[in-house]
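> Structure for this input, please:
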Amino acid sequence: ARVEISEIDDMGSASEYQSIGKTPIDKLPYPPGVYSLKFAHDNYESLEKTIPVVEGESPEVQVKLTRKAGHIRVTSQPRNASIYLDGKRLDHTTPYVIQNIPTGTHKIRIERDDYDIHLQSVNVVYNQTHDIHVTLSIAGTEARKAKRTRARLFSIIPGGGQFATEGQWWCGVLYTGGIAAAGLLAWNADQDYNSAETRYLDAQNLYHASVTQTQIDSAYTASITTRNEMIDANNQFNQYLFLAGGIYVVQMLDAWFFGGGAKPVSSEITAFPQQPYLSVTQNQSSISIGFSLHFRFYGF
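Numbers count the residues shown, from 1 in each chain. The predicted structure follows:
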């Protein structure tokens with residue numbers, strides 16, 4: 001904060017203010033007397049404080065600057081719409097007057113079920129009320145509903161719901177690629193099963209046609225080996241088929257709940273800046289006044 005000082009004479013007249021700098025300020029020599037301090041900040045109301053400087057005394061003075069603020073009156077058609085100020089949802093719905101908003105630019109968001117979201121920037125002016133009246137539209141919401149219906153219908157085709165939704169084509173590629181890869185692995189497992197089955201039947205025929213014990217043992221071992229290969233191939237086929245079906249179900253659920261565009265998400269931002277304190281102290285000298293000014297912040 002900017003600080004100016006003025007000396008007050010015995011008649012109560014003040015001299016012209018002189019700038020002594022910005023906080024923090026320390027150890028400025030002034031003789032005993034009565035002084036007026038003026039504190040100024042672009043975003044806070046100016047404050048004047050009279051300080052008597054008495055020889056041998058070291059009083060401490062604290063001053064609090066009040067944040068410059070304005071107000072916003074928000075109305076909507078229809079009523080009872082949610083209000084967001086700088087991303088933070090308020091506990092009230094329209095119509096409502098948001099009071100004591102710090103000066104400067106703020107973002108207002110008005111939202112109601114089945115209506116389009118309204119976003120607007122507002123420049124809050126000191127000690128003034130800014131009126132916002134919004135007629136909420138349903139055009140975008142209806143268009144989003146139509147897109148969602150289309151995405152749900154196209155979800156019958158693997159990845160179709162995502163390809164039918166703007167900005168989600170890459171999800172469609174992932175879903176389609178996953179289903180295709182799982183399907184290919186299932187097909188390979190099925191081919192392995194058919195090959196093992198053929199060799200198993202050949203081993204069975206060889207077993208029944210065997211004459212010597214060696215031939216019988218060899219055919220029996222081949223039968224057991226190929227039978228295990230058939231079991232393994234069948235298990236792999238079922239696993240890959242289940243994986244493809246799972247991906248298919250997930251892409252349908254994705255299109256059902258998120259097709260046509262995802263819901264907008266607001267960020268949580270502190271709407272009200274903290275308010276500063278300025279502390280002023282005098283030093284121990286009997287013939288000078290020392291200033292130690294600094295900001296301390298507290299929350300609402």
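> Show me the shaky parts of this structure.
23, 25-29, 56-61, 260-300 (pLDDT under 70).
> can you give me the helices for it?
139-154, 160-163, 169-209, 213-258 (DSSP state H).
> got the angle between the longest one and helix 139-154?
Pointing back at helix 213-258 there. 160 degrees (axes from the mean of the first three to the mean of the last three Cα atoms, to 10 degrees).
> From the chain's centroid, how far away is helix 213-258?
45 Å (Cα atoms, centre = their mean, to the nearest Å).
> In JSON lines, list the helices of the chain along with mean neighbour count and distance to Glu55.
Every residue, glycine included, has its C-beta placed from N, CA and C. Shown next, in JSON lines, are these (neighbours: other Cβ atoms under 10 Å; distance: least, Cβ to Cβ, whole Å):
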{"stretch": "helix 139-154", "mean neighbour count": "15", "distance to Glu55": "73"}
{"stretch": "helix 160-163", "mean neighbour count": "24", "distance to Glu55": "82"}
{"stretch": "helix 169-209", "mean neighbour count": "16", "distance to Glu55": "79"}
{"stretch": "helix 213-258", "mean neighbour count": "16", "distance to Glu55": "76"}
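> a markdown table for those helices, including distance to Arg73?
Output for the helices of the chain, formatted as a markdown table (distance: least, Cβ to Cβ, whole Å):
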| stretch | distance to Arg73 |
| --- | --- |
| helix 139-154 | 25 |
| helix 160-163 | 43 |
| helix 169-209 | 43 |
| helix 213-258 | 36 |
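> Out of those helices, the one nearest Gly70 is which?
Nearest to Gly70, of all the helices of the chain, is helix 139-154, at 30.5 Å by Cβ to Cβ.
> Please compute how far that closest one lies from its chain's middle.
That offset, for helix 139-154, works out to 25 Å (Cα atoms, centre = their mean).
> go on, stretch 2-15?
Taking Cα atoms, centre = their mean, one finds stretch 2-15 lying 51 Å from the centre of the chain it belongs to.
> buried sites along that stretch?
Within stretch 2-15, the residues that count as buried by 16 or more other Cβ atoms under 10 Å are 3-8.
> Take the residues you listed and lay them out in CSV including distance to Val250.
Formatted as CSV, the buried residues of stretch 2-15 follow (distance: Cβ to Cβ, whole Å):
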residue, distance to Val250
Val3, 65
Glu4, 68
Ile5, 72
Ser6, 74
Glu7, 79
Ile8, 78
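> Can you tell me which of the helices of the chain is nearest to Asp131?
Nearest of the helices of the chain (Cβ to Cβ): helix 139-154, 24.2 Å.
> I'd like to know which elements the closest one is packed against.
If you count contacts as 3 or more Cβ pairs under 8 Å, 6 or more residues apart in numbering; DSSP states H and E, helix 139-154 packs onto helix 160-163, helix 213-258.
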